[in-house]
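K.L.:
this is the structure alone, sequence omitted:
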């Protein structure tokens, strides 16, 4: 048997309960891994509430990404071996447990150089950032704005952009979050709760605006970032942490030849694992040259998964939260 955090009814995180469940057995083309660390994402909050694009049948185990070690291999999945270090992001969750089962072709090798705490958030955080910059065609020397810069994806985006040779403006809603962004190499800091984001972007770029935006916030921040873009600018829409999904004035895109691009790395991993692997390979090459550092905001046991989700839902997180079924495995 294994322990797992379980959702029986859609609702707030406080409804999650810890239960004993059978350890899953791999079917054809599947592997089972022992979870050493699971990343906590805003999508987990939405899935628990029944507001995510995927609504798994209840009861279910939330948790959309993990890092761990393979413990069982099903028929047709022999490219994996028991003992392999692995990371994955199952689209239906299941990672807030001691063991998780997933399709073998949706799993990625986690090299020894990638600590489990970093690997637990690598696919959704760093993967989303790298895929965003690939989709927007980021080039060395370009000016990048990262919104929600103190969160897990935001910090990863700063790390990736700097290693790609960009000049980075970090925008966040508190001094604590901006301090973390600065520690990860951001060149300029903007508090969009206290400052006019669009005006500040213009002022800090000689009136031009930024070339690339990675937006995790949506709402008024999205609108201001759009106004602060340079001609021929490209924006990657990654998420809506504000809860406000913006509507775009198409004429503004026309006047400045702007591009707004939706980026969902989870969809790429599900639909085109080979292309997702290419993104991860590029990231691992960057990591080999200059290692990424995990910005862990908190570690929670399985019986504390609801508290981790509540903290994330309340937007009180700087960096990445992780759930650790057995802290001694890290």
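P.N.:
Now that the structure is in, tell me what you want to look at. Remember, predicted model here, so these are calculated numbers, not experimental data.
K.L.:
what pLDDT, on average, does the longest strand along the chain get?
P.N.:
Secondary structure of the chain per DSSP state E: the longest strand is strand 30-40. Throughout strand 30-40, pLDDT has a mean value of 98.
K.L.:
from the chain's centroid, how far away is the helix or strand following that strand?
P.N.:
Along the chain past strand 30-40, the next helix or strand (assigned with DSSP states H and E) turns out to be helix 42-49. On the basis of C-alpha atoms, centre = their mean, to the nearest Å, the separation between the geometric centre of helix 42-49 and that of its chain is 13 Å.
K.L.:
what do you get for stretch 322-330?
P.N.:
The chain centroid and the centroid of stretch 322-330 are separated by 19 Å under C-alpha atoms, centre = their mean.
K.L.:
ranges for the helices of this protein?
P.N.:
42-49, 116-119, 127-135, 152-163, 175-183, 197-203, 219-227, 250-256, 265-271, 273-289, 305-313 (DSSP state H).
K.L.:
what residues sit buried inside the shortest one?
P.N.:
Neighbour-count burial for helix 116-119, counted by 16 or more other C-beta atoms under 10 Å, picks out 116, 117, 118, 119. Heads up, the C-betas are built off the backbone N, CA and C, glycines and all.
K.L.:
in contact with the last one, which residues?
P.N.:
For residue 119, the contact set (C-beta atoms under 8 Å, 6 or more residues apart in numbering) comprises 37, 67, 85, 87, 110.
K.L.:
tell me the contacts of the closest residue to it other than its chain neighbours?
P.N.:
With sequence-adjacent residues excluded and distances taken as C-beta to C-beta, 6 or more residues apart in numbering, residue 119 is closest to residue 67, at 3.5 Å. Applying C-beta under 8 Å, 6+ apart, we find residue 67 in contact with 35-38, 85-87, 110, 114, 116-117, 119-120, 122.
K.L.:
closest one of those residues to residue 47?
P.N.:
Top of the list for closeness to residue 47, among those and by C-beta to C-beta, is residue 38 at 13.3 Å.
K.L.:
measure that closest one to residue 159 for me?
P.N.:
Computed with C-beta to C-beta, to the nearest Å, the distance linking residue 38 and residue 159 is 21 Å.
K.L.:
tell me which of the helices of the chain lies nearest to residue 101.
P.N.:
Evaluated with C-beta to C-beta, those place helix 265-271 nearest to residue 101, the distance being 15.8 Å.
K.L.:
quick check: residue 96 touching residue 5?
P.N.:
Yes - under the contact definition of C-beta atoms under 8 Å, residue 96 touches residue 5, with a separation of 4.0 Å.
K.L.:
which residues are in contact with each of the two?
P.N.:
Taking C-beta under 8 Å, 6+ apart as the contact criterion, the common neighbours of residue 96 and residue 5 are 61, 62, 63, 302, 305, 323.
K.L.:
out of residue 38 and residue 159, which sits in the busier spot?
P.N.:
Regarding residue 38 and residue 159, a neighbour count based on other C-beta atoms under 10 Å identifies residue 38 as having more, with 32 against 26.
K.L.:
run through the bridge partners of that one.
P.N.:
Counting by DSSP bridges, residue 38 forms beta bridges with residue 66, residue 323.
K.L.:
residue 322 is in contact with that one, correct?
P.N.:
Yes - Residue 38 lies in contact with residue 322 (C-beta under 8 Å); the separation is 6.4 Å.
K.L.:
between those two, what contacts are shared?
P.N.:
Residues touching both residue 38 and residue 322 by C-beta under 8 Å, 6+ apart: residue 120.
K.L.:
show me which of the contacts of residue 67 is closest to residue 9.
P.N.:
Among these, residue 38 lies closest to residue 9 (C-beta to C-beta), at 21.6 Å.
K.L.:
wait, what's in contact with that closest one?
P.N.:
By C-beta under 8 Å, 6+ apart, the residues touching residue 38 are 63, 65, 66, 67, 95, 96, 120, 322, 323, 324, 325.
K.L.:
mind doing that once more with 7 Å?
P.N.:
63, 65, 66, 95, 96, 120, 322, 323 (C-beta atoms under 7 Å, 6 or more residues apart in numbering).
K.L.:
I am finished for the moment; much appreciated.
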